[in-house]
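Engineer: output the structure for:
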Amino acid sequence: MSDDVAEPKGRAKGGIARRDSLDKERRREIASQAAKVRWNAKAHAHLPVAEFGSADRPLRLLDAEIPCYVLSDGTRVLTQQGVLLALGRSRTAKGGTGATMGVDNLPAFLTANNLKPLITKELIASTRAIEFRLPTGGRAFGYAADLLPKVCNVYLGARDRGVLLPSQKRTAEQADMLVRGLAEVGIVAMIDEATGYQQVRARDALQAYLERFIRKELVAWVGRFPDDFFAELYRLRKWRPTGSSRRPGVVGRYIRDLVYERLGPGVIEELEKKNPSDGKGQRKHRHHQWLTDEVGHPALAQHMYALIGFMRAEDDWQSFKHRFDRAFPKRGDTLQLF
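Structural biologist: Residues are numbered from 1 along each chain as shown. Here you go, the predicted model:
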């Protein structure tokens, strides 16, 4: 062995010193724990990952703080312990997988005989435990987000029918308070807000919309603007036809203003990326050559018919522009989500 081997420094030196200070049994224990961590990471690699959410950003409902996450496949989940806490039940799920029991494999809070007439097949499907990986790398179990309001409705239904058991009174009281601030549709929006996923959801929805509207490859040029459009434009602007196929350069700006900026959210911005100007107002292709046959061109045709109708109904440019701006305002980059 050479005498020129560099002496360990910093953390490496400290690690060696710590290793040497431990007895053989303790070193074996640490090595075993490290091996388990590596094995668990490999064994759980197939599980969906919680890409949004964290333990310090829970969903707050009444006095309960429910850890919530959005998984890599878009599923919104509430942790099992959080759901149990919100319902006023035991904080710990038996067995770590949701305390399932009975022939229907239902969670413990739905196995009572008096609740069975109120449990639908849809609810049973929602009670399946979802195993996933936390952002920190650990494993967790959760429920689909819409399970919580459905469970609340079961307990409230039992109370309304007069079949509620004394031991279920506290859960029914919790359910009563929860449903006042929680709707089955609203749970998704609340989780998206708590985890910060709503911003990504909006971007993803807009991107999916644009992918349907604008094609990836250019197609051959085909006339998409009716002659009536140009005839009405000349009439309202009080221009005299020249008989030439060339039109004033300002016509391009009118087409952008009246058509492409009003077709849909983000459409003009995406078209500018696909078909940029050379800096002198010239483009290699027409914008409409990038529109899809399934969505883009039908939307353009429908818009043109409406535009020409507004143009024909007015005698001067200002009146037309005022009415058209009100009926067809320019679109921003926000896609309305239902």
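
Engineer: hey, let's count contacts and neighbours off CA atoms from now on
Structural biologist: Fine.

Engineer: run through the helices of the stretch 51-200 of the chain in chain order.
Structural biologist: 80-86, 121-126, 147-161, 169-180, 186-195, 197-213 (DSSP state H, counting those that start in this stretch).

Engineer: among these, which is nearest N113?
Structural biologist: Closest of those to N113 is helix 147-161, at 11.0 Å (criterion: C-alpha to C-alpha).

Engineer: packing partners for that closest one?
Structural biologist: Under the contact criterion of 3 or more C-alpha pairs under 8 Å, 6 or more residues apart in numbering; DSSP states H and E, helix 147-161 touches helix 121-126, helix 169-180.

Engineer: hey, which of these is tucked in deepest?
Structural biologist: helix 169-180 (a mean of 17; mean count of other C-alpha atoms under 10 Å).

Engineer: if we can go back for a sec, make JSON lines from the helices and strands packed on helix 147-161 and add mean pLDDT and distance to G196 to it.
Structural biologist: What follows is those, written out as JSON lines (pLDDT from 0 to 100; distance: least, C-alpha to C-alpha, whole Å):
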{"stretch": "helix 121-126", "mean pLDDT": "84", "distance to G196": "24"}
{"stretch": "helix 169-180", "mean pLDDT": "85", "distance to G196": "22"}
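
Engineer: quick one: closest of the ones you listed to E270.
Structural biologist: When the helices and strands packed on helix 147-161 are compared by C-alpha to C-alpha, helix 121-126 sits nearest E270, at 39.4 Å.

Engineer: pull the distance from the closest one to the chain's centre.
Structural biologist: The chain centroid and the centroid of helix 121-126 are separated by 23 Å under C-alpha atoms, centre = their mean, to the nearest Å.

Engineer: same check, this time on stretch 272-281
Structural biologist: 32 Å.

Engineer: mean confidence for it?
Structural biologist: Averaged over stretch 272-281, pLDDT sits at 77.

Engineer: so which of the helices of the stretch 51-200 of the chain comes closest to E270?
Structural biologist: Using C-alpha to C-alpha, those put helix 197-213 closest to E270, at 7.7 Å.

Engineer: circling back: can you put the helices and strands packed on helix 147-161 in CSV and add distance to T111?
Structural biologist: Compiled in CSV, the helices and strands packed on helix 147-161 are given as follows (distance: least, C-alpha to C-alpha, whole Å):
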stretch, distance to T111
helix 121-126, 11
helix 169-180, 14
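
Engineer: which of those helices sits closest to F225?
Structural biologist: The minimum distance between F225 and these falls on helix 121-126, with 50.6 Å, by C-alpha to C-alpha.

Engineer: what does the closest one rub up against?
Structural biologist: 104, 106, 143-144, 146-147, 150 (C-alpha atoms under 8 Å, 6 or more residues apart in numbering).

Engineer: among the residues you listed, name the buried ones.
Structural biologist: Burial by neighbour count, judged by 16 or more other C-alpha atoms under 10 Å, picks out 106, 143-144, 146-147, 150 from those.

Engineer: okay, among the residues you listed, which ones form the most distant pair?
Structural biologist: L106 and D146 (15.6 Å).

Engineer: which secondary element of this structure has the worst mean pLDDT?
Structural biologist: Within the chain, no helix or strand scores below strand 100-101, which has a mean of 44 by mean pLDDT, DSSP states H and E.

Engineer: and the strands in the chain?
Structural biologist: Taking DSSP state E as the criterion, the chain carries its strands at 50-52, 59-61, 64-66, 68-71, 76-79, 100-101, 106-107, 130-133, 139-144.
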